[in-house]
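Undergrad: With the sequence up front, the predicted model follows.
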There are 2 protein chains.
Amino acid sequence: MERRASRPRIADVARVAGVSKTAVSFAFNSPERLSLETADRIREVAESLGYRPHPVARMLTQRRTMALGVLTPQALSVIFSNPFFALFNEGIARAAEEHGYELHFISPIHGSLVTAIGRATVDGVVAIGVSAEHPEVGQVRGAGLPLVLVDSEDPPELGSVVVDDEGGARAAAAHLIELGHRDILVLAVEAPQAVGDASADAPLGPRAEAAVTVRRLRGYEQAFESAGLALDPAWVVAGRASIDGGAAAFQRAWAMDLRPTAVLAMGDAMALGAIRAARDLGLRVPNDLSVVGFDDIDLASHVDPALTTVHQPIRQKGFEAVRLLLAEVEQPASPVQHLRLETRLIVRGSTAPPHGRGEVPGTQQ
Amino acid sequence: MERRASRPRIADVARVAGVSKTAVSFAFNSPERLSLETADRIREVAESLGYRPHPVARMLTQRRTMALGVLTPQALSVIFSNPFFALFNEGIARAAEEHGYELHFISPIHGSLVTAIGRATVDGVVAIGVSAEHPEVGQVRGAGLPLVLVDSEDPPELGSVVVDDEGGARAAAAHLIELGHRDILVLAVEAPQAVGDASADAPLGPRAEAAVTVRRLRGYEQAFESAGLALDPAWVVAGRASIDGGAAAFQRAWAMDLRPTAVLAMGDAMALGAIRAARDLGLRVPNDLSVVGFDDIDLASHVDPALTTVHQPIRQKGFEAVRLLLAEVEQPASPVQHLRLETRLIVRGSTAPPHGRGEVPGTQQ
DNA sequence: CCGGTTTAGAAAACCGGTTTAGCCGCACAG
DNA sequence: CTGTGCGGCTAAACCGGTTTTCTAAACCGG
């Protein structure tokens, strides 16, 4: 058995078959330009040698990679441990495989997104958590790659997919107000401290994520105003967008002597954290404290009580982003498209009137 | 503003700077071979033109891609929605980014893993759910790529990372037996029906997953035998490895008039499904039914009651697989390595003595 | 039997870089 | 004054394919 036999090249096949490289290439790519007999013989030889065209060489000549990039300022390991991305990636993946494209994740390498982009061999990029002010956007466009933004519409000449964060937030706040709550704590997402260290090349995600935070906050405010109330900035506490972050933020608020009857969390993970912290303080949810999340991750419907939250179509967001991107990739002349998807409030078991006033829904699945 | 200006090539930089392509290349890769002055001037010109070496061309000459492949027989969208893979990918990602490698997911394209592998531009591959009998293994090796197997040791000449499935299963069964259970239902993972259709090129995952199933089943059996009992094949029911699959399997067993006091599920999702189904039948967990899972996914400790399960270090499995792979990639001479990681039983709230006999642990977090 | 069109395949250019071999001019040793 | 070594850079080969251009033989009608 042949050991360490380095991969056969097209020239090897040509030599063994007694033809030119051209003929071998034709045998695979345009067999009609060869006699049936020759084409068959070449393919047979190729098979026996275990020949496969080298994918990199192929990309170089064809100027396509048949791969799409998913650009995120977060580290890869974060992407995969985050339930939001799990859904988003699922949508992205479904669209990509439907069209026969592979997926490459473009995330900081040794802390640098710039080098990661420089290495990416893709035909187009979907970027999430990134907008105009990021130098990365310019770099991708400089490379001549189509780019579709998710959760940002900022450079308006780029394709984009966003959701109605404002409307969703408005509905969430209105729901609590309608139930009779007045002392409402808002848990905002704080900008994560970049990726590990403040590396030389990038003030990363913060601002783009901030945009989402701002939109949701605006939605909350609108609901307050519509009800003739005002959102006291002292009742807005920021924390990391995780279970622990939510718990910590709630505890901090409690320590500041805030005694809310309800919580508006900007993410389900934070909401779950708030519930945990509240329970540790002896509060019952929803009897003593109502909690509304945001995003509607899978877990939200599986906890007890099931979480009232604002649903946003995360899978679909990924799916559509790839769809728009592929339109640009496959017909470069086509106009960029903008898409805005709806959000909607899903009332489950974690909200009720304050202080046990009125009926208590309990666990209504 | 320059429109559609196609990406500058190295020749453009050379022309503008009045030097050869070689000099430009040196300016970036071996500046010491140029006078400081020339190197600076070239870099300046390159910068002003927005030049970036074309990554594909670079890969071709350097014969490295600085990317690793994650090979799975499952569709990409499955990978991202599965909590097991979420943890596995997290480990993989952490190791890859630590070493400055990108990650490419190699999953069936239009149902064919073979074409996906043919397109993959990577320096090495980690394969999960795949073993000797799969033609894909041969293809990867034929391409001259280092390959590390996860959850299989079958072609022994390949690097591998496995966990002690047998020992974990033994501990799980022993735990139930010790609590006094005798009527124990086993929920096995059934082979998923390939990817969509029975496409021409691949009898995919089934057999490799079956190997894990077999190992766990053997572990259960061993515990039974050690206690002088026997595992009745009629009490082994197969189902899909999901919450719904677990629920369905439990219901099927119930319909067959099996009345277990405990369940050994080969995955946490199945265990959760069994719990749901049992509750729907009016059973209380753990009072009327004890349930033990396998894997210890994140969710396991967050449900109520928290799930007693066999912990396997999934993140670590991914991390170590990449570590072994990189050793082969970076020093091709190095010997392949085999790693076996431990599993351990984690007793939480979903198990108790049968029929409320003895004390009831309740929710002990 | 001849000029023109097909057909089958080869030669060469190309994709966009890196790398090897080598050239040129200058300083320095003999 | 000549040979040698070296710094600084270039020409050309190369990576492994695809694609364009070109050629020789077969075919074809008149």
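TA: Sure thing, it's come through.
Undergrad: where along the stretch 201-350 of chain A do the strands fall?
TA: Remark: strands assigned in the stretch 201-350 of chain A by DSSP state E, counting those that start in this stretch are A:236-239, A:262-265, A:290-295, A:308-311, A:338-341, A:344-346.
Undergrad: can you map out the helices along chain A?
TA: A:10-17, A:21-29, A:36-49, A:55-62, A:76-81, A:83-98, A:113-119, A:135-142, A:165-179, A:206-226, A:243-255, A:268-280, A:314-330 (DSSP state H).
Undergrad: how much space between the closest residue to A:E342 other than its chain neighbours and A:L341?
TA: Take A:E342 and drop its neighbours on the chain: the residue closest to it by C-beta to C-beta, 6 or more residues apart in numbering or on different chains is A:D164, 5.7 Å away. To be clear about C-beta, it is placed using only N, CA and C from the backbone, and glycine gets the same treatment. According to C-beta to C-beta, to the nearest Å, A:D164 stands 7 Å off from A:L341.
Undergrad: and the two? which has more neighbours close in?
TA: The neighbour comparison of A:D164 against A:L341 (other C-beta atoms under 10 Å in any protein chain shown) goes to A:D164, with 18 against 14.
Undergrad: got the contact list for the more buried one?
TA: Shown in contact with A:D164 (C-beta atoms under 8 Å, 6 or more residues apart in numbering or on different chains): A:340-343.
Undergrad: What of A:P146?
TA: Contacts for A:P146 (C-beta under 8 Å, 6+ apart) come out as A:123-125, A:159, A:325, A:328-329, A:332.
Undergrad: which residues does A:V347 contact?
TA: Contacts for A:V347 (C-beta under 8 Å, 6+ apart) come out as A:175, A:308.
Undergrad: Give me the distance between it and A:A227.
TA: For A:V347, the distance to A:A227 - C-beta to C-beta - is 18 Å.
Undergrad: that older thread, so which of the contacts of A:P146 is surrounded by the most neighbours?
TA: Ranked by neighbour count (other C-beta under 10 Å), those have A:L325 at the top, with 30 neighbours.
Undergrad: For the residue of the stretch 101-250 of chain A found nearest DNA strand D, give me the pLDDT.
TA: For the stretch 101-250 of chain A and DNA strand D, the shortest gap (C-beta to the nearest atom of the strand) falls at A:T121, measuring 13.8 Å. A:T121 carries a pLDDT value of 97.
Undergrad: what's near enough to touch it?
TA: Contact partners of A:T121, counting by C-beta under 8 Å, 6+ apart, are A:59, A:65, A:67, A:104, B:55-56, B:59, B:65, B:121.
Undergrad: Just put the helices of chain A in TSV and tack on distance to B:Q316.
TA: Listed next are the helices of chain A as TSV, based on distance: least, C-beta to C-beta, whole Å:
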stretch	distance to B:Q316
helix A:10-17	42
helix A:21-29	42
helix A:36-49	40
helix A:55-62	31
helix A:76-81	13
helix A:83-98	20
helix A:113-119	25
helix A:135-142	32
helix A:165-179	37
helix A:206-226	30
helix A:243-255	22
helix A:268-280	24
helix A:314-330	29
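Undergrad: Dump the ones you listed to a markdown table, plus distance to chain B.
TA: Formatted as a markdown table, the helices of chain A follow (distance: least, C-beta to the nearest C-beta, whole Å):
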| stretch | distance to chain B |
| --- | --- |
| helix A:10-17 | 14 |
| helix A:21-29 | 11 |
| helix A:36-49 | 10 |
| helix A:55-62 | 5 |
| helix A:76-81 | 4 |
| helix A:83-98 | 4 |
| helix A:113-119 | 5 |
| helix A:135-142 | 5 |
| helix A:165-179 | 23 |
| helix A:206-226 | 20 |
| helix A:243-255 | 9 |
| helix A:268-280 | 8 |
| helix A:314-330 | 9 |
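Undergrad: Take those and write them to a markdown table, including distance to DNA strand C.
TA: What follows is those, written out as a markdown table (distance: least, C-beta to the nearest atom of the strand, whole Å):
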| stretch | distance to DNA strand C |
| --- | --- |
| helix A:10-17 | 7 |
| helix A:21-29 | 4 |
| helix A:36-49 | 4 |
| helix A:55-62 | 4 |
| helix A:76-81 | 25 |
| helix A:83-98 | 25 |
| helix A:113-119 | 11 |
| helix A:135-142 | 12 |
| helix A:165-179 | 40 |
| helix A:206-226 | 29 |
| helix A:243-255 | 43 |
| helix A:268-280 | 43 |
| helix A:314-330 | 17 |
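Undergrad: Check the gap between A:F28 and B:Q139 for me.
TA: Using C-beta to C-beta, A:F28 is found at 16 Å from B:Q139.
Undergrad: go on, A:A277?
TA: Counting by C-beta to C-beta - A:A277 and B:Q139 are separated by 52 Å.
Undergrad: quick one: which of those two has more around it?
TA: Each of A:A277 and B:Q139 has its neighbours counted (other C-beta under 10 Å); A:A277 has more, 23 against 16.
Undergrad: OK, contacts around that one?
TA: A:246-248, A:250-251, A:254.
Undergrad: Now for these: which two are most distant?
TA: A:G246 and A:W254 (12.7 Å; C-beta to C-beta).
Undergrad: any weak-confidence spans in chain A?
TA: For chain A, the stretches flagged by pLDDT under 70 are A:1-5, A:192-208, A:356-365.
Undergrad: Could you chop it up by domain?
TA: With domains defined by automatic domain parsing, chain A comprises A:1-35, A:67-163+A:314-341, A:165-313+A:345-356.
Undergrad: circling back: so which of the strands of the stretch 201-350 of chain A comes closest to DNA strand C?
TA: strand A:338-341 (30.6 Å).
Undergrad: Just give the strands next to the closest one in its sheet, each with its orientation.
TA: Applying DSSP bridges, strand A:338-341 is found paired with strand A:159-163 (parallel).
Undergrad: any idea what sits nearest the residue of the stretch 251-365 of chain A found nearest DNA strand C, other than its immediate chain neighbours?
TA: Closest to DNA strand C within the stretch 251-365 of chain A is A:P332: 15.1 Å, counting by C-beta to the nearest atom of the strand. Spatial nearest neighbour of A:P332, excluding adjacent residues (C-beta to C-beta, 6+ apart): A:P146 at 7.5 Å.
Undergrad: swap in A:S226?
TA: A:A174 (7.2 Å).
Undergrad: now A:V322
TA: Spatially, and ignoring its direct neighbours in sequence, A:V322 is nearest to A:A95 (3.6 Å; C-beta to C-beta, 6+ apart).
Undergrad: returning to what we had before: include distance to A:Y51 when you put the contacts of A:T121 into a markdown table, please.
TA: Shown next, in a markdown table, are the contacts of A:T121 (distance: C-beta to C-beta, whole Å):
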| residue | distance to A:Y51 |
| --- | --- |
| A:M59 | 18 |
| A:T65 | 21 |
| A:A67 | 23 |
| A:H104 | 26 |
| B:P55 | 25 |
| B:V56 | 21 |
| B:M59 | 20 |
| B:T65 | 20 |
| B:T121 | 17 |
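Undergrad: Dump the domains of chain A to JSON lines, plus distance to B:L289.
TA: Formatted as JSON lines, the domains of chain A follow (distance: least, C-beta to C-beta, whole Å):
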{"stretch": "domain A:1-35", "distance to B:L289": "55"}
{"stretch": "domain A:67-163+A:314-341", "distance to B:L289": "29"}
{"stretch": "domain A:165-313+A:345-356", "distance to B:L289": "18"}
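Undergrad: Do I have it right that A:N89 meets A:N82?
TA: No: counting by C-beta atoms under 8 Å, A:N89 sits too far from A:N82 to count as a contact (9.6 Å).
Undergrad: which residue sits closest to the one residue in the stretch 251-365 of chain A that gets nearest to chain B, ignoring its sequence neighbours?
TA: For the stretch 251-365 of chain A, the residue closest to chain B is A:D304, as judged by C-beta to the nearest C-beta, at 5.5 Å. Counting by C-beta to C-beta, 6+ apart, A:D304 lies nearest to B:D304, which is 5.5 Å off, once chain neighbours are set aside.
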